[in-house]
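J.: Predicted model and sequence below, questions to follow.
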Amino acid sequence: MTTAMITGATAGIGAAFARRLARSGYQLVLVARDAARLERAAEDLHTKYGVETEVLAADLATDDGIGAVEARLADSARPVDLLVNNAGFGNKGAFGAVPLQDELDMLKVHIEAILRLTTAALPGMRERGRGAIVNVASVAAFLPRGTYGASKAWVVSFTQGVLRDLGGTGVRMMALCPGFTRTEFHERAGMGTGNIPAWSWLSAERVVDEAMRDLARGRSLSVPSKRYKLAVAIARLLPSGKLGGVSSKAARSYRTN
C-alpha cells in the first residue's frame, strides 16, 4: 500500500489532501497539533474510505515536534511515499507590529520544518527509486510583502532547487502556490476577508485536484486556476518596487476585521 503523510492535516488544504488521497486508496499519516481533532479526522477518513490512518500530534513550531515527524519519516519499516508539507499560518499586521517570537515561529514552521522533513524523507525515497514531496507555498511567494511572503518565496526556491539535484532518482518535488482559498487560515490569524472579491476565492478541493494533476505531470510549480497563473506571470514581469506597492495595498484591505 502507498502511504502519504500530510502536515496540517485537520483543516483547509491539508484536510482536502487527506480526503483526496484517501479516495485514491492511500494509507495516511496525519500530522497536526490538536490530538483530539486528529483522532476525529482519522476515524472519519477510515470510516468513509476504508483506509488505514495513523495520527501524529506534533507542533512544528518546536524542535520536539519537528523531531517526532523526522523520526517517523526515517522509519524504513513504514515508508512514506508522498509527503505533503502543508502546515503553516499567517500573522495579522505589518512587519514590526507582529511580535518577534510570532515571526520566528512562522519561520520555524514554513522553513525549518520543511527543510528538516524533506531531508528526513528523501534518503528512503531515493533508495526506493520513487516518491514525491509537495511543499505548500502561496502566490504571496511572488509578492514582496513581509515575513509570510518571504518564507513562501523560500519554499518555492528551495523546492525547485532540490528538484534539480534529484534528476534521475525517480523522486518528484513540487511547490504548490494557491491564491485565496476558503480555509480557516484568515480566521485563525484574525484577518478580515470582507473586502476580498468573491471571484478571488478557490475551494480547497479545487486546489488539491489541480495540484495532484500537476504532480502527475512532473511539474515543479503548481498555481491553481487560470486567474492566479496570470497573476503570477504578471508578478514575475513587474519591477519589485511596483509589486511592493500592490501587495501593501492588498494587505491593508484584508488584514483588518
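T.: Arrived safely, thanks for sending.
J.: which SS class is Trp134?
T.: Actually, residue 134 is Val. It isn't Trp. Secondary structure for Val134, judged by DSSP: H, G, I helix; E, B strand; the rest coil, is strand.
J.: host element of Asp105?
T.: Element membership of Asp105, judged by DSSP states H and E, is helix 100-107.
J.: ranges for the strands of the protein?
T.: Ranges of strands in the chain, per DSSP state E, are 3-7, 27-32, 53-57, 82-85, 131-136, 171-176, 221-222.
J.: Please name the bridge partners of Asn135.
T.: Here Asn135 shows beta-bridge partners Asn85, Ala175, assigned using DSSP bridges.
J.: Tell me how many other residues surround it.
T.: Using other C-beta atoms under 10 Å, Asn135 is surrounded by 26 other residues. C-betas here are computed from N, CA, C, even on glycine.
J.: Which residues does stretch 43-63 contact?
T.: For stretch 43-63, the surrounding residues in contact (C-beta atoms under 8 Å, 6 or more residues apart in numbering) are 1, 7, 18-19, 22-23, 25-35, 38-39, 41-42, 64-66, 68-69, 72, 87, 105, 108-109, 113.
J.: What subset of the residues you listed is buried?
T.: Neighbour-count burial (16 or more other C-beta atoms under 10 Å) applied to these gives 7, 18-19, 22, 26-33, 38, 41-42, 65-66, 68-69, 72, 87, 105, 108-109, 113.
J.: What are the boundaries of the helices in the stretch 1-150 of the chain?
T.: Ranges of helices within the stretch 1-150 of the chain are 12-23, 35-49, 63-73, 100-107, 113-128, 146-165, based on DSSP state H, counting those that start in this stretch.
J.: if you compare the ones you listed, which one is most tucked away?
T.: With neighbours defined as mean count of other C-beta atoms under 10 Å, these peak in mean count at helix 12-23, which reaches a mean of 22.
J.: With adjacent residues omitted, what lies nearest to Ser138?
T.: With sequence-adjacent residues excluded and distances taken as C-beta to C-beta, 6 or more residues apart in numbering, Ser138 is closest to Lys152, at 4.4 Å.
J.: I'd like to know how far the one you found sits from Asp165.
T.: 21 Å (C-beta to C-beta, to the nearest Å).
J.: give the contact list for the closest residue to Ala15 other than its chain neighbours.
T.: In space, and not counting its chain neighbours, Ala15 is closest to Ala9: 6.4 Å by C-beta to C-beta, 6+ apart. Ala9 makes contact with Ala15, Phe17, Ala18, Leu28, Leu30, Val31, Ala32, Leu38, Ala41, Asn86, according to C-beta under 8 Å, 6+ apart.
J.: and the gap between Ala9 and Ala32?
T.: 5 Å.
J.: Mind listing the shared neighbours of those two?
T.: By C-beta under 8 Å, 6+ apart, Ala9 and Ala32 have these common neighbours: Leu38.
J.: gap between Val80 and Gly161?
T.: As judged by C-beta to C-beta, Val80 and Gly161 stand 22 Å apart.
J.: Sorry, wrong one. I was asking about Pro99.
T.: From Pro99 across to Gly161, the span is 31 Å (C-beta to C-beta).
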